[in-house]
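Asks: Pasted the sequence and its predicted model underneath.
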Amino acid sequence: AMTRETPTLEVIINDLELTVLTEARDFAGMLPSAGYSSDLLSCVMANAARQGIWVTLQAHNNIVAVAALLELSAVIITEGAMPDPATIEKANQEEVTLLSTPKSSFFITGKLWEMGLRAE
């Protein structure tokens, strides 16, 4: 079987031109395990992989609790949705990386798949 090179979070951020909303971390040293796309928190809780990347257009503060619980590598918030300052502050406290893009969830998910990220 061919081995796939999984991109680092740094490569993903740079290639997809994502805006980092939270404090900088060692993105070059972070290898996301998988990707998951949903706007329903219950589905994310049940199905997203630990250390994975979650693609969503949700920007409210509950995304931080879910991301922290699942120890996600990052949350990519799509379609220009913007979390409020309190949510960003909470994410920094929980060491959750929030990323932003004006692009659609479909576009970002497709690009992540192209880059070699897969579902668990």
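Replies: Good, I have the coordinates. Residues are numbered from 1 along each chain as shown.
Asks: start to end distance for stretch 109-120?
Replies: Distance across stretch 109-120, first residue to last, is 14 Å (Cα to Cα, to the nearest Å).
Asks: ugh, wrong one, stretch 12-31
Replies: Distance across stretch 12-31, first residue to last, is 10 Å (Cα to Cα).
Asks: What are the buried residues along it?
Replies: Using 16 or more other Cβ atoms under 10 Å as the test for burial, stretch 12-31 gives Ile12, Ile13, Leu16, Leu18, Leu21, Thr22, Arg25, Phe27, Met30. (Each C-beta comes from the backbone N, C-alpha and C, glycine too.)
Asks: and if you look at stretch 30-47?
Replies: Buried-residue list, stretch 30-47, by 16+ other Cβ under 10 Å: Met30, Pro32, Ser33, Ala34, Gly35, Tyr36, Ser37, Ser38, Val44.
Asks: show me where the chain has strands.
Replies: Along the chain, counting by DSSP state E, strands occupy 19-20, 35-37, 53-56, 74-77, 98-100.
Asks: so where do the helices sit in this structure?
Replies: Here the chain has its helices, by DSSP state H, at 9-15, 41-47, 62-69, 85-93, 105-114.
Asks: which residues sit against the third one?
Replies: Going back to what we said before, that points to helix 62-69. 41, 44-45, 54, 56, 72, 75, 77, 83, 87, 90-91, 94-96, 98 (Cβ atoms under 8 Å, 6 or more residues apart in numbering).
Asks: Could you check the pLDDT of the residue nearest in space to the middle of the chain?
Replies: The centroid of the chain falls nearest to Val75 when counting by Cα atoms, centre = their mean (2.6 Å). Confidence at Val75, expressed as pLDDT, is 98.
Asks: That one pairs with what?
Replies: Val75 forms beta bridges with Trp54, Leu98, as assigned by DSSP bridges.
Asks: Surely it touches Leu57?
Replies: No. With contact defined as Cβ atoms under 8 Å, Val75 does not reach Leu57; the gap is 10.8 Å.
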